[in-house]
Structures are given as C-alpha cells and as structure tokens.
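Q: turn this into a model:
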Amino acid sequence: MDDLPKLVIADDHEIIRDSISNIISDSQSAQVVGTASDGYTTIKLCRNLDPDIVLMDLAITRPSGAETFRKLLSIKPDLKIVLYSSEAEKAEVFSLIADGAKGFVPKQAKASNFVNAIRSVSLGYACIPEDYIDDFMVLRQNSIKTGNIYGLSPREIEILEACVSGARTKEVAARFNISVRTVETHRNAIYKKTSCNSVDALHEIAEQLQLPVARAEA
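A: Prediction:
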C-alpha cells in the first residue's frame with residue numbers, strides 16, 4: 001500500500017464518498033487517505049495529508065468546486081486533480097482542464113471509469129471521456145482565437161497585438177489613449193497569464209493567437 005498514490009475524495013454525499021472510496025481501495029489503484037464533504041475540509045486535508053491525487057465532485061460547496069480546485073492548485077501546483085460532475089457544461093470542464101485539472105469523469109459513469117481515471121493520472125496521463133474530445137477541440141480553437149486559453153481580456157489582446165507589432169510603449173499608450181503606466185500594467189499581466197519571460201516567447205504567443213507580429217530583419 002505504501003507505494004500506491006495517496007488519494008483524497010471530496011463529495012457532499014456520504015454514501016457516494018464511501019462507495020467511491022471502496023471502489024478505489026478494492027482496485028488497489030490508490031490509497032484513500034481521507035474523504036471530505038466540502039471545500040474547506042478538502043483544502044485542510046490536502047494541507048495535512050499531502051495527497052498525490054484529489055478526486056472531487058464539482059458540486060461541493062463551502063467554497064464551490066471550482067474555487068476549491070483553484071485554491072488547491074495554488075497551494076500545491078503539482079497536485080493531480082480529477083473532477084467529476086453530473087451537471088457541468090463541457091465548456092466549464094474544458095476551462096478547468098485548461099487551468100490544470102488532470103481529468104474529468106461524468107458522475108454517472110461506471111465504477112471502472114473512476115478507477116481508470118485514477119490509474120491514468122497516477123501514470124502522468126490526462127483522462128478525458130472519449131465523447132468529450134471533439135467538443136474540447138472546438139472549444140480549444142475558439143479559446144485560442146479569442147485569447148481565452150490564457151485568460152487574456154479584450155484590452156490585453158489589443159495591447160499584446162500592439163506590442164508585438166513593433167510599437168513602442170508611448171505609441172501604444174497614445175493609440176489607446178491611456179497612460180504609459182497602464183500599458184506597462186497590462187503588459188505585466190500578459191506576461192504573468194501566459195507565463196512568458198521574454199519578448200520572443202511573447203511573439204510566439206501572439207502567433208499562436210494569430211495576431212500580426214513584426215519580426216526584426218536578420
């Protein structure tokens with residue numbers, strides 16, 4: 001058991017928590033080290049038990065499943081989180097996976113799907129239902145075109161396009177009738193959201209978003 005990944009299960013229904021816990025334990029795909037009925041308890045268990053994986057119903061409250069998910073990743077960025085839900089829209093699921101969730105299982109799925117999800121993420125793979133993949137590809141293309149894959153605002157997209165087109169900071173400020181400091185604030189936000197740390201990397205992001213990019217001549 002010591003070599004199995006440690007798992008925390010979060011669901012506001014005790015019967016479901018216990019049922020999933022028994023399924024996972026019987027399959028020997030993970031060691032269930034704790035269960036939680038709400039977001040705060042889930043966060044507390046993850047701080048105290050340092051699990052490798054969290055299997056969580058998006059319907060939990062105090063705080064919501066989405067809020068709990070983001071809080072967990074801020075505490076432990078390498079935590080593998082598998083979400084499940086009976087009501088979540090595919091767009092919401094895609095957004096959470098883009099933000100770092102390792103997998104999703106419909107709540108009405110077979111027991112074997114939960115086991116496979118835990119085994120997959122423990123091996124470093126993502127786990128997405130086959131019938132979600134085509135929709136996810138469409139959502140991803142739409143997100144790339146709008147910049148939403150990075151969470152950029154419409155104004156940040158405009159600033160990014162202006163910056164990579166070769167315009168200087170003062171020129172960008174004049175174009176949008178804002179201060180130089182505001183341009184710098186937007187630019188810093190773009191760097192943070194896209195995890196870029198260089199101008200070249202920013203150009204690559206702009207090309208991915210299909211924005212016009214000015215390249216210096218060799």
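
Q: what's the spacing between residue 81 and residue 10?
A: In this view, residue 81 and residue 10 are 10 Å apart by Cβ to Cβ, to the nearest Å. All C-beta atoms are positioned from the backbone trio N, CA, C, and that covers glycine.

Q: name the residues contacting each of these two.
A: 54, 56 (Cβ atoms under 8 Å, 6 or more residues apart in numbering).

Q: who's more crowded, these two?
A: Taking neighbours as other Cβ atoms under 10 Å, residue 81 and residue 10 compare with residue 10 leading, 30 against 26.

Q: phi and psi next, for the more buried one.
A: phi -120, psi 120 (degrees, to the nearest 10).

Q: I figured it hits residue 64, correct?
A: No: applying Cβ atoms under 8 Å as the test, residue 10 and residue 64 come out as separate, 11.7 Å apart.

Q: shared neighbours of the two, anything?
A: residue 39.

Q: separation between the residue most central in space within the chain and residue 19?
A: Note on the chain: the residue nearest the mean C-alpha position is residue 99, at 1.6 Å, using Cα atoms, centre = their mean. Between residue 99 and residue 19 the computed distance is 28 Å (Cβ to Cβ).

Q: separation between the residue nearest to the residue nearest to the centre of the chain when sequence neighbours are not counted and residue 56?
A: What sits nearest to residue 99 in space, not counting adjacent residues and going by Cβ to Cβ, 6 or more residues apart in numbering, is residue 70, at 7.0 Å. Noted for residue 70: a distance of 12 Å to residue 56, by Cβ to Cβ.

Q: neighbour-wise, which of these two wins?
A: More neighbours surround residue 56 than the other of residue 70 and residue 56, with 24 against 16 (other Cβ under 10 Å).

Q: A helix includes the more buried one, no?
A: No: counting by DSSP: H, G, I helix; E, B strand; the rest coil, one finds residue 56 to be strand, located in no helix.

Q: how about the strands of the chain, start to end?
A: Along the chain, the segments classed as strands by DSSP state E run 6-10, 31-36, 53-57, 80-85, 103-106.

Q: mind putting these into CSV with mean pLDDT and distance to residue 186?
A: Supplementary listing: these in CSV, determined by pLDDT from 0 to 100; distance: least, Cβ to Cβ, whole Å:
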stretch, mean pLDDT, distance to residue 186
strand 6-10, 98, 37
strand 31-36, 97, 39
strand 53-57, 98, 34
strand 80-85, 97, 30
strand 103-106, 94, 33
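
Q: so how far is residue 186 from the residue nearest to the centre of the chain?
A: The gap separating residue 99 from residue 186 is 21 Å, by Cβ to Cβ.
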